[in-house]
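Visitor: Just a sequence and a predicted model for now, questions to come.
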Amino acid sequence: MKKFISIFVLTLLVFPFTAFALPAEPGVSLPEVMSTTNDLFDIVRIAINWIFYALLVLAVIYILLIAIDYVVKGGQDPEKVKNNGKRLGYIIIGIVVALIAKGLIYLTCYLVTGGQSCRF
């Protein structure tokens, strides 16, 4: 069962990157050099969004794994129930921290630019 779950999680993590192997549309080329600071902000924004959504997907996967662990082998053992509760608490704290960080990024952008270029 662990081998199946490991392969499943690995497939979920690797599969989206296969889209980068697709050729670009005809007539569309990647820029040689970043021309403005907006390009840099766009790259940072895209990286932050990827990390944020990857964190949320991993959190959901871990919550499902905890639920499976609880149902399969931890329902009767009070120690395992306590351990699963702690793990679930850590995941929820991680999600809350990620949401606060995302909100702080937007708030900072809004305060610095007046909301003109905040496209998070």
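Guide: Sure thing, it's come through.
Visitor: residues touching R87, list them.
Guide: With contact set as CB atoms under 8 Å, 6 or more residues apart in numbering, R87 has these partners: Y62, I66. The C-beta positions use only the backbone N, C-alpha and C, and glycine is treated the same way.
Visitor: Per-residue confidence, it, what does it come out as?
Guide: pLDDT recorded at R87 is 90.
Visitor: Please apply the same query to the one 4 residues further on.
Guide: According to the per-residue confidence, I91 scores 92 in pLDDT.
Visitor: Likewise for I51?
Guide: pLDDT, I51: 88.
Visitor: OK, contacts around it?
Guide: Listed by CB under 8 Å, 6+ apart, the contact set of I51 is empty.
Visitor: Where does it sit, in terms of helix or strand?
Guide: If you go by DSSP states H and E, I51 is part of helix 37-69.
Visitor: and what of G94?
Guide: Here G94, judged by DSSP H and E, is contained in helix 78-113.
Visitor: ok so, going back, same question for the helix holding I51: list its buried residues.
Guide: Residues of helix 37-69 classed as buried: R45, F52, L55, I61, Y62, L65, I66 (neighbour count, 16 or more other CB atoms under 10 Å).
Visitor: No more questions from me, cheers.
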